[in-house]
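1. Need coordinates for the following:
(one chain, ligands or ions: 2)
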Amino acid sequence: MPKLNILIYPDPRLRIKAEKVTKFDKCLENLVNNMFETMYSADGIGLAATQVDIHKQVVVMDLSEERNSPKVFINPQFTVKDDKSLYSCTEGCLSIPGFHEEISRPEKIIVNYQDINGKFITEEPEGLLTVCYQHEVDHLNGKLFVDYLSPLKRSRIKKKLEIERKKEF
Ligand code: GNR
Ligand code: NI
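-> Ligands and ions are numbered 1, 2, ... in the order given. A predicted model of the protein is given here:
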């Protein structure tokens, strides 16, 4: 199976909003398998389809050290249960390589998504899953963690990554 190419910030395609998945078929299964392969070989804990230039509401995740707890979220959404309680975590992103920043997000959310067969699921996640889930849903909406930083910090990261990109050619 071919590994997919991960888009790097500030690629404008990272801003495209993903569309709902309506067909739970072999094609979706293939995409999910390719995304897992890409995420594992890039050493990430999550990957949104947007990052591989596929604009469908598909997320894969594996928060385990052992890389043996794959999770799939189709059409993921969430509601904030308590907007006063925040959880802050140092976030990284495969689309923003080399940068890690502390980001605060709601700690208590209720998630709604479909599994690979289209079954609707509601859960109340905890800890890192809460953070990663919101990070991935942001990707599907064209949003990145740098959007939560100050404009100065964001533009510094953008410039550095643009310089890196030019070095490749
Ligand atoms: O690999 C990843 N690590 C991570 C760490 C803290 C908060 C979120 C993440 S997600 C990231 C992979 C990625 O870019 N997913 O979109
Ligand atoms: Ni990311």
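2. For ligand 1, see how far away residue 39 is.
-> Residue 39 sits 7 Å away from ligand 1, going by C-beta to the nearest ligand atom, to the nearest Å. From N, CA and C alone the C-beta is placed, and that goes for glycine too.
3. Now that residue: closest residue in space that isn't a chain neighbour?
-> In space, residue 39 comes closest to residue 47 once its chain neighbours are excluded; the distance is 4.0 Å by C-beta to C-beta, 6 or more residues apart in numbering.
4. So what's the residue count around the one you found?
-> Neighbouring residues of residue 47 were enumerated by other C-beta atoms under 10 Å; the total is 27.
5. And for whatever helix or strand it lives in, what's in contact with it?
-> Under DSSP states H and E, the secondary-structure element containing residue 47 is strand 46-48. Identification of contacts with strand 46-48 by C-beta atoms under 8 Å, 6 or more residues apart in numbering yields 6, 18, 35, 38-39, 58-63, 94, 132, 135-137, 139-140.
6. switch to 7 Å and redo it
-> 35, 38, 39, 59, 60, 61, 94, 132, 135, 136, 139, 140 (C-beta atoms under 7 Å, 6 or more residues apart in numbering).
7. what about that strand, distance to the chain center?
-> Distance of strand 46-48 from its chain centroid, counting by C-alpha atoms, centre = their mean, to the nearest Å, is 4 Å.
8. same deal with stretch 15-29?
-> How far stretch 15-29 lies from its chain's middle: 15 Å, per C-alpha atoms, centre = their mean.
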